[in-house]
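Student: Provided below for reference: sequence and predicted model.
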Amino acid sequence: MKTTQLTILGSTGSIGLSTLDVVARQPERFRVHALTAHRNVERMREQCLRHAPDVAVMVDADAADALRTALAASGSRTQVRAGSEALAEVARAPQVDAVMAAIVGGAGLLPTLAAAEAGKRVLLANKEALVMSGALLMDAVRRSGACLLPIDSEHNAIFQCLPNGYVCAEPVTPHGARRIWLTASGGPFRDRPLDSFAGITPDEACAHPNWEMGRKISVDSATMMNKGLEVIEACWLFAVPPATIQVVLHPQSIVHSMVAYDDGSVLAQLGNPDMRTPIAHALAWPERMESGVEPLDLLTMGRLEFSEPEAARFPALGLAYQALERGGTATAVLNAANEVAVEAFLAERLAFSEIPVVIAATLDAIEAEPVDSLERVLSADRKARAIAGEQVANARQVVS
Ligand code: NDP
């Protein structure tokens with residue numbers, strides 16, 4: 001079997017750690033070419049010593065210097081590079097077969113696009129890249145012949161429930177698929193009284209009942225903007241209109257999503273909530289391999305419940321549908337405003353209940369334009385960050 005050479009963008013994060021865990025179980029099958037991070041030197045040092053990549057990229061230059069010194073002292077042969085341009089270079093390096101795109105937020109867009117343009121197997125966790133510029137990313141995948149495989153557990157589940165041979169980025173609705181049920185746990189505030197939302201703290205928002213994730217996606221899950229981003233992601237990956245997708249609350253996070261067909265069949269993918277399952281699926285596809293995930297025991301699970309999300313509790317979900325309807329750069333604006341608002345909330349500069357308010361005001365302030373170039377997307381992203389920043393500053397005056 002040919003060894004797959006892998007670049008992991010965002011290796012020090014939650015998805016990066018799970019990916020390395022899966023890969024380490026199959027040393028004959030995978031070799032790590034490059035690992036990348038923003039500035040977590042200590043974790044990157046450990047990863048370099050354990051997985052011996054050819055290259056480690058730290059976006060932050062001081063962090064790169066510190067890593068270089070630490071690795072030299074340990075006799076490591078890993079080459080350390082600095083800066084965001086190096087991310088795209090390790091994503092498109094000729095010896096690389098597969099790229100795990102697991103940087104959080106819009107920072108992942110350019111290296112993910114580079115991997116797609118270079119025709120790699122792209123394992124897409126960085127949903128923000130698709131939300132910002134689905135048209136460009138899908139076009140790059142089609143032109144280069146890249147293989148795009150979803151890592152988000154819901155989209156990976158949908159992919160597994162689609163007819164064999166379905167290719168993401170084909171502009172064709174999967175044959176006979178009538179409805180996609182996108183499941184959502186509802187996060188930590190599913191039952192919390194609405195009048196207490198203004199007092200929610202970052203640690204409360206990051207304490208997800210079922211999944212262990214990075215802080216940004218944990219807050220997105222608490223507001224359900226994560227599900228909104230996933231609706232947009234599903235429209236691009238599976239070439240379906242928004243009306244085909246129905247979000248359903250499923251507190252147990254065991255059914256990861258479902259596809260309903262014309263003949264009345266509904267296919268679902270089930271499993272324990274552990275990201276190593278979709279990661280192993282996409283790494284091995286079309287084969288299967290060991291992931292280290294505990295087998296699912298349905299008998300001890302007992303009940304699987306489903307219900308409709310309350311619009312008043314999760315206004316962020318409605319905003320995502322609004323952005324989809326406006327089309328063009330509106331979803332890039334939504335994403336940027338959300339990133340700014342979540343960062344401000346995590347830094348205790350914005351109340352939890354103000355996150356959707358900032359996003360709605362930013363969406364209203366910027367006219368959607370067609371996504372005909374990367375520059376157009378990046379310009380919408382910059383504009384939205386500036387306006388959302390002003391909104392946060394105004395909201396802060398109200399809060400304090
Ligand atoms: P984490 O916050 O745990 O990790 C983020 C990674 O990105 C880290 O390696 C971080 O480096 C790096 N990073 C952060 N900012 C930058 C930047 N400006 N430039 C380059 N690298 C950067 O995130 P997650 O692993 O939770 O999520 C990653 C992506 O996967 C997100 O898009 C998320 O939506 C998606 N996803 C995550 C799931 C999960 O279970 N965690 C499930 C499904 C999707 P450093 O450590 O140095 O800061």
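Tutor: Noted; the coordinates are in hand. Numbers count the residues shown, from 1 in each chain.

Student: Give the burial count for the closest residue to the ligand within the stretch 151-300 of the chain, as a bare number.
Tutor: Nearest residue of the stretch 151-300 of the chain to the ligand, counting by Cβ to the nearest ligand atom: residue 214, 2.5 Å away. All C-beta atoms are positioned from the backbone trio N, CA, C, and that covers glycine. Residue 214: 18 surrounding residues under other Cβ atoms under 10 Å.

Student: mind listing what it touches?
Tutor: By Cβ atoms under 8 Å, 6 or more residues apart in numbering, the residues touching residue 214 are 13-15, 104.

Student: which residue sits closest to it, ignoring its sequence neighbours?
Tutor: residue 14 (4.8 Å; Cβ to Cβ, 6 or more residues apart in numbering).

Student: Next up, identify which helix or strand residue 131 is on.
Tutor: Following DSSP states H and E, one finds residue 131 within helix 127-144.

Student: Can you point out the buried residues in that helix?
Tutor: Buried positions in helix 127-144, judged by neighbour count with 16 or more other Cβ atoms under 10 Å: 127-134, 136-141.

Student: Just the C-alpha atoms of it, please, in CSV.
Tutor: The C-alpha trace of helix 127-144 is given here as CSV (Å, rounded to 0.1, in the frame of the first residue of the first chain):
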residue,chain,number,x,y,z
LYS,A,127,-16.2,25.1,7.2
GLU,A,128,-15.6,28.9,7.3
ALA,A,129,-13.6,28.6,4.1
LEU,A,130,-16.7,27.2,2.3
VAL,A,131,-19.1,29.7,3.9
MET,A,132,-16.9,32.6,2.8
SER,A,133,-16.2,31.4,-0.8
GLY,A,134,-18.1,28.3,-1.6
ALA,A,135,-18.3,29.2,-5.3
LEU,A,136,-14.5,29.7,-5.6
LEU,A,137,-13.6,26.6,-3.6
MET,A,138,-15.9,24.3,-5.5
ASP,A,139,-14.7,25.7,-8.8
ALA,A,140,-11.1,25.1,-7.7
VAL,A,141,-12.0,21.5,-6.8
ARG,A,142,-13.7,20.9,-10.1
ARG,A,143,-10.9,22.4,-12.2
SER,A,144,-8.1,20.6,-10.5
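
Student: Packing partners of that helix?
Tutor: Helix 127-144 sits against helix 109-117, helix 225-238, helix 330-346, helix 374-399, with contacts defined as 3 or more Cβ pairs under 8 Å, 6 or more residues apart in numbering; DSSP states H and E.

Student: helix or strand right after it?
Tutor: strand 147-150.

Student: What is that following strand packed up against?
Tutor: Short answer (3+ Cβ pairs under 8 Å, 6+ apart): strand 147-150 packs on strand 121-124, helix 153-161, helix 225-238, helix 276-284.

Student: how about those in TSV, adding distance to the ligand, mean pLDDT and mean neighbour count?
Tutor: Listed next are these as TSV, based on distance: least, Cβ to the nearest ligand atom, whole Å; pLDDT from 0 to 100; neighbours: other Cβ atoms under 10 Å:
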stretch	distance to the ligand	mean pLDDT	mean neighbour count
strand 121-124	9	98	27
helix 153-161	6	97	26
helix 225-238	7	97	25
helix 276-284	8	98	24
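
Student: which one of those lies closest to residue 348?
Tutor: helix 225-238 (18.8 Å; Cβ to Cβ).

Student: how about that closest one as PDB, C-alpha atoms only?
Tutor: Extracted as PDB, the C-alpha positions of helix 225-238 are listed here (Å, rounded to 0.1, in the frame of the first residue of the first chain):
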ATOM      1  CA  MET A 225     -24.500  29.700  14.400                       C
ATOM      2  CA  ASN A 226     -22.500  26.600  13.900                       C
ATOM      3  CA  LYS A 227     -25.600  24.900  12.500                       C
ATOM      4  CA  GLY A 228     -26.200  27.900  10.300                       C
ATOM      5  CA  LEU A 229     -22.700  27.700   8.900                       C
ATOM      6  CA  GLU A 230     -23.300  24.000   8.400                       C
ATOM      7  CA  VAL A 231     -26.500  24.600   6.400                       C
ATOM      8  CA  ILE A 232     -24.500  26.900   4.100                       C
ATOM      9  CA  GLU A 233     -21.700  24.200   4.000                       C
ATOM     10  CA  ALA A 234     -24.300  21.500   3.100                       C
ATOM     11  CA  CYS A 235     -25.700  23.600   0.200                       C
ATOM     12  CA  TRP A 236     -22.300  23.800  -1.400                       C
ATOM     13  CA  LEU A 237     -21.100  20.300  -0.700                       C
ATOM     14  CA  PHE A 238     -24.200  18.600  -1.800                       C
END
